[in-house]
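Colleague: everything below, folded, please.
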Amino acid sequence: MTAAAPQATPRGDSGFLTNVNFVFIATVANAALAFVIGVIIARALGAEGRGTYALFLLSASIAQAVLGLGLGVSAIYELGKGTMPLPRVVANGQHVTLLAALVSGALVLIAWPLFGDELLDNDAPIWAFAFAVPLFVNFYILTNILQGENRFGAMNAVVLAQPVTLLGLLGVVAAFGEIDTTSAVLCWSGGSLVATLLAFALLGARGMQPAALLRVDVASLARQVRFGMQGQVGNLVQLLNYRIDQYIVLLFVSTAGVGVYAVSVTLSQSVWFLANAVAVVLLPRLTAAPVDEAARTTPIVCRNTLFISALGALALAAVSPWLVERLFGAEFEESVVPLLWLLPGTVALAGSKILSSYIFSQGKPLTNSLITVVALAVTLIADFLLIPAFDVTGAAIASTIAYGVHFALSLVAYGRLSGNPMAGALVVRGDDLRRYVEAAQRRLAGKQS
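Modeller: The predicted model follows:
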């Protein structure tokens with residue numbers, strides 16, 4: 001599959017294709033590690049503990065999306081356009097991380113007298129929030145900087161360092177004691193710390209200049225925040241679109257229901273292997289490309305990504321009844337039905353990832369944000385209608401509806417910006433299928449030679 005999708009790009013840019021395949025392999029490796037970690041944590045914590053762990057990471061993710069102030073988004077744009085030097089982008093990211101640390105620490109101090117005892121009774125380490133959030137902020141900004149620099153090998157190394165370290169730390173905890181929610185959160189934070197330190201090392205002296213780090217450049221920081229927040233609003237709302245249903249499941253079902261649903265969500269997102277890899281490589285390419293080239297590239301990439309994602313969803317649906325019970329245990333067998341309901345929406349959102357990259361590259365991050373706001377509104381309405389009636393399955397149905405709305409609106413926006421017919425981004429053509437066959441034949445011939 002990795003060889004087939006690249007053949008669909010218009011100019012046969014070997015560098016682009018190599019990067020897509022490289023990021024795809026790293027994405028699969030990252031997802032495989034996350035899957036193993038998910039199985040370990042689910043078996044160690046059970047449905048209720050898995051739900052608490054999921055809610056902690058969700059809360060940290062939301063805080064990261066807010067406190068990061070869009071610096072990751074704007075880093076890709078500024079570096080792609082060549083309008084701001086790397087050391088200044090890195091320094092601005094560190095100044096925002098410091099601010100995030102101060103704010104998250106203050107939030108813990110405020111929340112402790114109000115909710116501390118209740119959260120500790122439920123094994124939720126509220127105090128870990130103070131350092132988990134700034135670590136996550138810095139990790140996100142630095143990986144986006146490497147992406148904006150087109151340093152995909154370095155970016156992949158940083159991204160993979162987090163789950164590899166987390167898995168190793170969980171192994172140490174399991175060897176000397178028992179994994180609980182607190183130790184799982186601390187291991188996750190340790191993985192983020194190691195990955196962040198690796199990012200600093202890979203940026204090296206070219207990116208880490210003391211003179212820039214020690215001086216706050218208000219003008220450049222304000223410029224990054226102004227542009228970045230336009231896109232980051234969309235990222236935040238998209239995160240809520242992905243995950244806010246977990247809070248509503250907690251409200252209407254239980255913490256254990258959150259754990260069951262988290263397994264369904266984790267499995268469904270394996271369909272995004274290719275879409276995530278392509279979007280990572282495509283975003284800086286389209287940002288730097290001429291308008292006509294970006295308009296030609298996008299529909300070819302989108303329709304082939306949708307096609308391969310749909311095939312992956314069908315395969316996952318076929319094996320899911322066996323897969324869930326064997327890996328996660330009988331306690332999570334209720335995850336199968338929600339997973340099946342999630343898959344159509346997951347395929348639709350794979351297409352949104354490609355179209356959103358194009359919309360962003362045309363300097364319209366606010367359009368992506370507005371689309372995601374509408375999708376979130378659909379999510380909330382559908383969640384409150386369906387979750388009380390159908391429990392966890394209602395959350396999955398609501399997500400699929402919202403993801404479909406997001407894709408439809410992204411398709412309309414792409415059509416208006418590019419002037420291209422929308423069908424070109426949807427329907428796989430005969431030429432595309434021939435390229436798949438030719439790629440398979442070449443690979444088969446290579447193995448026989």
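
Colleague: could you point out the helix or strand that follows whichever strand or helix holds residue 360?
Modeller: Residue 360 is part of helix 336-361, with elements assigned from DSSP states H and E. Counting by DSSP H and E, the element after helix 336-361 in chain order, helix or strand, is helix 365-418.

Colleague: report the angle between that next one and helix 336-361.
Modeller: Interaxial angle of helix 365-418 relative to helix 336-361 (axes from the mean of the first three to the mean of the last three Cα atoms, to 10 degrees): 80 degrees.

Colleague: who does helix 365-418 touch, helix- and strand-wise?
Modeller: Contacts defined by 3 or more Cβ pairs under 8 Å, 6 or more residues apart in numbering; DSSP states H and E place helix 365-418 against helix 218-252, helix 255-268, helix 291-328, helix 336-361. Just so you know, the C-beta spots here come from the backbone N, C-alpha and C atoms, and that holds for glycine as well.

Colleague: so the spatially most central residue of the chain, which of the three states?
Modeller: With distances taken as Cα atoms, centre = their mean, the residue of the chain nearest its centroid is residue 276 (7.6 Å). The three-state assignment at residue 276 reads helix, by DSSP: H, G, I helix; E, B strand; the rest coil.

Colleague: and residue 159, what does it touch?
Modeller: By Cβ atoms under 8 Å, 6 or more residues apart in numbering, residue 159 lies in contact with 26, 30, 143, 195.

Colleague: count the neighbours of the third one for me.
Modeller: Here the number of neighbours of residue 143 (other Cβ atoms under 10 Å) works out to 22.

Colleague: please report how far it lies from residue 99.
Modeller: Separation of residue 143 from residue 99 (Cβ to Cβ, to the nearest Å): 19 Å.

Colleague: still on that earlier bit, just give me the lowest mean pLDDT stretch among the helices and strands packed on helix 365-418.
Modeller: Sorting the helices and strands packed on helix 365-418 by mean pLDDT places helix 218-252 lowest, at a mean of 84.

Colleague: ok, residue 157 to residue 28 distance?
Modeller: Residue 157 sits 15 Å away from residue 28, going by Cβ to Cβ.

Colleague: I should have written residue 334 there, sorry.
Modeller: 27 Å.

Colleague: format the CA atom coordinates belonging to stretch 320-340 as CSV.
Modeller: Presented in CSV, the C-alpha positions along stretch 320-340 are these (Å, rounded to 0.1, in the frame of the first residue of the first chain):
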residue,chain,number,x,y,z
SER,A,320,-12.5,-6.9,15.3
PRO,A,321,-14.7,-9.4,17.2
TRP,A,322,-11.7,-11.8,17.5
LEU,A,323,-9.1,-9.0,18.0
VAL,A,324,-10.8,-7.2,20.9
GLU,A,325,-11.4,-10.2,23.0
ARG,A,326,-8.1,-11.8,22.4
LEU,A,327,-6.0,-8.7,23.1
PHE,A,328,-7.9,-6.7,25.6
GLY,A,329,-9.9,-9.4,27.4
ALA,A,330,-13.6,-10.2,27.8
GLU,A,331,-14.1,-7.1,29.9
PHE,A,332,-13.7,-5.0,26.7
GLU,A,333,-15.9,-7.1,24.3
GLU,A,334,-18.5,-4.4,24.3
SER,A,335,-16.0,-2.2,22.4
VAL,A,336,-16.7,-4.1,19.1
VAL,A,337,-20.1,-2.6,18.2
PRO,A,338,-19.0,1.0,18.8
LEU,A,339,-15.9,0.3,16.8
LEU,A,340,-18.0,-0.8,13.8
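
Colleague: in it, what counts as buried?
Modeller: 320, 324, 327-328, 331-332, 334-340 (16 or more other Cβ atoms under 10 Å).

Colleague: most widely separated two among these?
Modeller: Spatial extent of the buried residues of stretch 320-340 (Cβ to Cβ) is set by the pair 331 and 340 at 18.7 Å.
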